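*Asks:* give the three-dimensional model of this entry:
(one chain, ligands or ions: 1)
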Amino acid sequence: MKAFNRRLVIQPGYVATFALVMAATAGTAAPGGALKDAFKEHFPIGTAVNRNMVVGGAGFRRSAEQNEKDIALVKEQFNQITAENDMKWQLIHPREGADGYEFGPADAFVNFGSSNKMTVVGHTLVWHSQTPNWVFAGTNPAPVVTNAAPLAAANTNAPGTNRFGPGRFGGGFGRYNGPRASRDELLQRMRDHIHTVVGRYKGKVKSWDVVNEALADGNGTNVLRSSLWLEIIGPDFIAKAFQYAHEADPKAILRYNDYGLENAAKRKKLITLIKSLQAQTVPVHAIGSQAHLNVSITFETMDQTLAEIATLGLPIHITELDVNTAAGGQRGFGAEITNNTATTQGGLISDADRKLTDAYAGIFRAFLKHRDSVKMVTFWGANDANSWRGQGKPLLFDGNNQPKPAFDGVIAEAKKAAN
Ligand code: XIL
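*Replies:* As a prediction, the model looks like this:
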């Protein structure tokens with residue numbers, strides 16, 4: 001840096017070049033402008049942000065300098081944010097009791113959003129994954145599960161649904177197998193958690209993913225996946241979670257959020273679940289469709305998906321959009337989400353950029369066609385370097401924050417819709 005500075009002083013011409021390069025890399029200097037502006041008549045454009053982006057400094061994947069540029073990109077392109085991890089139970093409430101909360105990173109996230117005038121989304125209150133074991137622990141013996149005698153409420157094709165492999169956040173906990181809390185104890189913990197977390201950010205977090213990924217995958221007849229929530233509380237754990245969240249912040253938009261809704265069988269389960277909640281007047285206000293896709297996605301599939309979900313009469317939020325370009329990169333239907341990261345290890349398909357551009361253009365064409373229903377579109381990460389499926393290069397900006405051809409494809413769709 002020293003040598004470079006000297007050169008800048010001696011040859012003023014470098015100063016201009018340097019300034020241009022900095023302008024180009026600090027943001028995107030994308031000729032198409034910013035995503036948030038291109039879609040401002042239609043829906044907010046959001047991104048998941050990681051802890052480093054809201055507290056600054058060097059991080060897990062990025063140097064401090066790279067992180068600065070990532071932050072600049074987030075501010076330039078997006079007007080809504082979701083915390084990628086820091087509001088999950090494991091992170092925000094790792095230990096039992098009123099002093100078992102860690103609010104620092106979540107507070108920093110909310111403050112980042114408020115100080116940058118971004119809509120702030122809370123993710124997530126009740127999920128089978130990234131939830132600490134103490135939540136489910138108690139004195140009731142765990143039932144002995146045999147293949148011959150499935151649990152009355154068991155309803156999944158995927159075994160072991162509370163697993164989250166050893167990682168930065170989990171510390172390696174599997175599905176909890178020890179003695180369990182009673183239904184009343186677990187409901188009490190759920191209520192305390194939701195009231196505390198939603199209450200703390202009342203008026204600041206605009207919408208919450210109240211229940212995440214409760215639906216079973218595949219073509220089986222079971223609507224709900226097997227989880228400790230379901231086994232200990234029963235199917236009304238979903239209604240209770242929404243009820244508690246509504247008590248804690250009556251103005252918050254409460255979402256049911258899930259993945260794989262582009263699959264007709266899973267979508268049918270979503271519709272069954274939400275209709276049953278609506279029949280019980282449960283305060284569910286929006287459908288979150290994660291949309292972890294791959295390049296085989298088409299306009300037609302997305303069009304049909306949105307049309308069917310829209311029949312529920314609720315706003316649709318696209319909550320975790322990314323489009324994997326890796327062969328075999330479709331998010332699997334298994335409950336073990338770490339496996340989904342692993343599926344991005346395959347080689348990149350040829351002409352990946354063209355395929356990604358076509359896929360994104362088709363998806364956004366469908367979002368715009370259904371703009372009466374689609375009320376938010378959030379990418380699961382700002383650039384490929386920060387993506388949980390980074391090897392599949394699934395986002396609109398590369399690891400240097402440069403817009404990819406898919407970015408232009410998306411902006412072109414916005415322009416077409418404006419004409
Ligand atoms: C992912 C994060 O991106 C990773 O950093 C973390 O290790 C695992 O979780 N569905 C969800 C998100 O609802 O919370 C997940 O996020 C991706 C799948």
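*Asks:* so Asn52: helix, strand or coil?
*Replies:* Counting by DSSP: H, G, I helix; E, B strand; the rest coil, the backbone at Asn52 sits in helix.
*Asks:* what's the burial count for it?
*Replies:* For Asn52, the neighbour count with other CB atoms under 10 Å is 20. Glycine gets a C-beta too; all of them are placed from N, C-alpha and C.
*Asks:* from what I can see it touches Arg62, true?
*Replies:* Yes: using CB atoms under 8 Å as the test, Asn52 is close enough to Arg62 to be in contact (6.4 Å).
*Asks:* mutual contacts of those two, please.
*Replies:* Asp70 (CB atoms under 8 Å, 6 or more residues apart in numbering).
*Asks:* check the gap between the residue in the stretch 151-300 of the chain positioned nearest to the ligand and Arg62 for me.
*Replies:* Going by CB to the nearest ligand atom, the ligand is nearest to Asn212 of the stretch 151-300 of the chain, at 5.1 Å. The gap separating Asn212 from Arg62 is 26 Å, by CB to CB, to the nearest Å.
*Asks:* mind checking which of those two has more residues around it?
*Replies:* Each of Asn212 and Arg62 has its neighbours counted (other CB under 10 Å); Asn212 has more, 23 against 20.
*Asks:* list the residues that contact that one.
*Replies:* 123-127, 129, 257-258.
*Asks:* recalculate using a threshold of 10 Å.
*Replies:* For Asn212, the contacting residues are 88, 123-130, 241, 255-259, 288, 290, 319, by CB atoms under 10 Å, 6 or more residues apart in numbering.
*Asks:* restrict those residues to contacts with the ligand.
*Replies:* Restricting the contacts of Asn212 to those touching the ligand (CB under 6 Å from any ligand atom) yields Gln290.
*Asks:* in strands, which of the contacts of Asn212 fall?
*Replies:* 123-126, 255-258, 288, 319 (DSSP state E).
*Asks:* what's the most distant pair in those residues?
*Replies:* Val126 and Thr319 (15.2 Å; CB to CB).
*Asks:* comparing those two, which residue is more hemmed in?
*Replies:* Comparing Val126 with Thr319 by neighbour count (other CB under 10 Å), the higher total belongs to Thr319, at 30 against 26.
*Asks:* so what's the more buried one closest to, chain neighbours aside?
*Replies:* Nearest non-adjacent residue to Thr319, counting by CB to CB, 6 or more residues apart in numbering: Gly288, 4.1 Å away.
*Asks:* with His93 instead?
*Replies:* Counting by CB to CB, 6+ apart, the residue nearest His93 is Tyr101, at 5.2 Å.
*Asks:* how many neighbours does that neighbour have?
*Replies:* Using other CB under 10 Å, Tyr101 is surrounded by 17 other residues.
*Asks:* go on, Gly46?
*Replies:* 31.
*Asks:* any idea of the pLDDT on the residue of the stretch 251-400 of the chain found nearest the ligand?
*Replies:* Nearest residue of the stretch 251-400 of the chain to the ligand: Trp388, at 3.4 Å (CB to the nearest ligand atom). Looking at Trp388, its pLDDT stands at 96.
*Asks:* I'd say it and Ala48 touch.
*Replies:* Yes: contact status for Trp388 versus Ala48: in contact at 8.5 Å, counting by CB atoms under 10 Å.
*Asks:* so for those two, which sits in the more crowded spot?
*Replies:* Ala48 (26 against 20).
*Asks:* what is in contact with Trp388 and Ala48 at once?
*Replies:* What both Trp388 and Ala48 touch, as defined by CB under 10 Å, 6+ apart, is the set 84-85, 320, 322, 380-381.
*Asks:* so which pair among those is furthest apart in space?
*Replies:* Asn85 and Asp322 (15.6 Å).
*Asks:* the more surrounded of those two?
*Replies:* Set Asn85 next to Asp322 and count neighbours by other CB under 10 Å: Asp322 wins out with 26 against 20.
*Asks:* next, the more buried one: phi, psi?
*Replies:* Here is the backbone geometry of Asp322 (degrees, to the nearest 10): phi -160, psi 150.
*Asks:* all helices of the stretch 201-350 of the chain, in order?
*Replies:* 228-233, 237-248, 264-279, 299-310, 337-342 (DSSP state H, counting those that start in this stretch).
*Asks:* also the stretch 1-150 of the chain?
*Replies:* 2-10, 12-26, 35-38, 51-55, 64-77, 89-92, 104-115.
*Asks:* how much space separates Ala241 from Val210?
*Replies:* Taking CB to CB, one finds Ala241 at 5 Å from Val210.
*Asks:* meant to ask about Gly313, not that
*Replies:* 18 Å.
*Asks:* okay, those two: which has more neighbours?
*Replies:* Val210 (30 against 8).
*Asks:* is it true that that one touches Gly288?
*Replies:* Yes: the pair Val210 / Gly288 is scored as a contact, 9.4 Å apart, by CB under 10 Å.
*Asks:* overlap in contacts, the two.
*Replies:* Joint contacts of Val210 and Gly288 (CB under 10 Å, 6+ apart) are 124, 255-257.
*Asks:* ranking those by neighbours, who comes first?
*Replies:* Arg255 (30 neighbours).
*Asks:* I'd say that one and Leu277 touch.
*Replies:* No: with contacts counted by CB under 10 Å, Arg255 stays clear of Leu277, the gap being 11.9 Å.
*Asks:* got any residues that touch both of the two?
*Replies:* By CB under 10 Å, 6+ apart, the residues touching both Arg255 and Leu277 are 211, 242, 284.
*Asks:* and the residues you listed as a markdown table, adding neighbour count and pLDDT?
*Replies:* A markdown table is the format used below for these (neighbours: other CB atoms under 10 Å; pLDDT from 0 to 100):
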| residue | neighbour count | pLDDT |
| --- | --- | --- |
| Val211 | 28 | 98 |
| Phe242 | 24 | 99 |
| Val284 | 25 | 98 |
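*Asks:* next one, pLDDT for Asn419 please.
*Replies:* pLDDT, read off for Asn419, is 74.
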